[in-house]
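*Asks:* after the sequence you'll find the predicted model.
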Amino acid sequence: MNTDEPLRQQLVNLLLERQAHMLFEDAIADFPETHINGRPPGVDYSFWHLLEHLRICQHDILDYIRNPHYQALSFPDDLWPAKEAETDMAGWQQTIDRFLADRQALVEIVQNPATDLYAQIPHGWAGHNILREILVVADHNAYHLGELGILRQVMGLW
């Protein structure tokens with residue numbers, strides 16, 4: 001048995017399983033179309049903005065892991081859609097599909113026994129390895145999925 005196998009499984013679980021956080025699939029389930037561009041009270045972004053932010057950030061980390069020519073995005077401008085941007089159901093679904101595809105790509109990286117979870121990302125910053133990046137993306141996703149769930153509750157959208 002590969003000694004990293006239990007760790008790899010825990011990382012996959014962190015990305016895919018309901019543990020101490022809401023699942024992506026639960027947070028978006030049966031989301032009402034009439035509210036995808038809605039903004040909860042006191043929030044300057046819409047539900048779609050939040051979903052798109054999750055997608056952009058997760059994709060950015062995936063790109064960082066596998067692209068030797070990675071260019072860091074500028075916070076916050078490159079990590080959020082424009083404040084005035086809106087979408088339709090096709091755009092909402094595209095955000096979901098792209099998020100899920102990128103999440104699956106991260107799972108495949110983790111599950112690949114040839115992936116050294118502890119090795120410095122060759123083109124990355126000091127101390128950055130795949131283990132760190134998976135933990136960062138899982139933490140970021142959990143944070144904003146909880147936010148999405150609470151905002152749905154505030155708006156009565158469950």
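*Replies:* Nice, I can see it.
*Asks:* doesn't His53 make contact with Glu147?
*Replies:* No: using C-beta atoms under 8 Å, Glu147 is not in contact with His53, being 10.0 Å away. Using the backbone N, CA and C atoms, a C-beta is placed for each residue, glycine as well.
*Asks:* walking through the protein, point out its helices one by one.
*Replies:* All helices of the chain, identified by DSSP state H, fall at 5-16, 24-28, 47-66, 89-111, 130-154.
*Asks:* elements contacting the first one?
*Replies:* Yep, that's helix 5-16 we're talking about. In terms of contacts (3 or more C-beta pairs under 8 Å, 6 or more residues apart in numbering; DSSP states H and E), helix 5-16 is packed against helix 89-111, helix 130-154.
*Asks:* in the first one, what's buried?
*Replies:* Going by neighbour count (16 or more other C-beta atoms under 10 Å), the buried part of helix 89-111 is Gly91, Trp92, Thr95, Ile96, Phe99, Asp102, Arg103, Leu106, Val107, Ile109, Val110.
*Asks:* now render those as CSV, adding distance to Gln19 and pLDDT.
*Replies:* Formatted as CSV, the buried residues of helix 89-111 follow (distance: C-beta to C-beta, whole Å; pLDDT from 0 to 100):
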residue, distance to Gln19, pLDDT
Gly91, 30, 98
Trp92, 26, 98
Thr95, 24, 98
Ile96, 21, 98
Phe99, 18, 98
Asp102, 20, 98
Arg103, 15, 98
Leu106, 16, 98
Val107, 15, 98
Ile109, 20, 98
Val110, 15, 98
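*Asks:* Asp139: which of these is nearest?
*Replies:* Nearest to Asp139 out of these is Leu106 (C-beta to C-beta; 13.1 Å).
*Asks:* mind checking how far the closest one is from Gln153?
*Replies:* The gap separating Leu106 from Gln153 is 28 Å, by C-beta to C-beta, to the nearest Å.
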